[in-house]
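Novice: here's a sequence, model it:
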Amino acid sequence: MENKIFDLNILVLAYLGDSVYENYVRRHLIEQGFAKVNDLQKASISFVSAVSQAKFIRILLDSNFFNEFELSIVKRARNYKTTSHPKNCDIITYKYATGLEALIGYYDLINNNERIDEIMNFIFNCEIC
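Specialist: As a prediction, the model looks like this:
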């Protein structure tokens, strides 16, 4: 089953991972005491923008956080042939962000919430971010 999920279109994994990632961020901010939706929305940008996600994945990569299998998912997303990207970032930034989302989407599909927790806790506790 995991091989079938691994072989899914990488953008499908990223699509799912985007929603899972954003849910983690929203819960984290609520736990931090944000109580107004407008404040939550503003605070979430520092986590959910493509620029922020690309920054986090680069730090995770530089920290040798990922195993070889995880790196293969991130690299598949980063190397995926596409020319479209959001107007607020360049294509390279977008591809790095897509790598993070794809990895989280993969782990969500195989129900490995423990590894998602580890990734997200690293991001939430990142001192150099």
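
Novice: could you list the low-pLDDT ranges of the chain?
Specialist: 1-3, 6, 82-87, 127-129 (pLDDT under 70).

Novice: and with 80 instead?
Specialist: Applying pLDDT under 80 to the chain picks out residues 1-7, 80-89, 127-129.

Novice: quick one: the strands in it, in order.
Specialist: Residue ranges of strands cannot be listed for the chain, since DSSP state E assigns none.

Novice: which helix in it runs the most residues?
Specialist: Scanning the chain for the helix with the most residues, using DSSP state H, yields helix 10-31.

Novice: that one: which residues count as buried?
Specialist: Judged by neighbour count using 16 or more other Cβ atoms under 10 Å, the buried positions of helix 10-31 are 10, 13-14, 16-18, 20-21, 24-26, 28-29. Quick note: C-beta positions are derived from backbone N, CA and C, even for glycine.

Novice: take the residues you listed and write them to TSV, including distance to D62.
Specialist: As requested, the buried residues of helix 10-31 are exported to TSV (distance: Cβ to Cβ, whole Å):
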residue	distance to D62
I10	22
L13	23
A14	21
L16	26
G17	21
D18	23
V20	23
Y21	20
Y24	21
V25	21
R26	27
H28	22
L29	25
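
Novice: thinking again about what came up before, for the longest helix of the chain, which outside residues touch it?
Specialist: Contacts made with helix 10-31 from outside it, assessed by Cβ atoms under 8 Å, 6 or more residues apart in numbering, are listed as 5, 40, 43-44, 47-48, 53, 73, 76-77, 80, 82, 98, 100-106, 108-109, 116, 120, 124.

Novice: how about 7 Å then?
Specialist: Judged by Cβ atoms under 7 Å, 6 or more residues apart in numbering, the contacts made with helix 10-31 from elsewhere in the structure are 40, 43-44, 47-48, 76-77, 80, 98, 101-106, 108-109, 116, 120, 124.

Novice: same question for stretch 55-73.
Specialist: Taking contacts as Cβ under 7 Å, 6+ apart, the residues outside stretch 55-73 that touch it are V74, Y96, G99, L100, A102, L103, Y106, F122, I123, C126, I128, C129.
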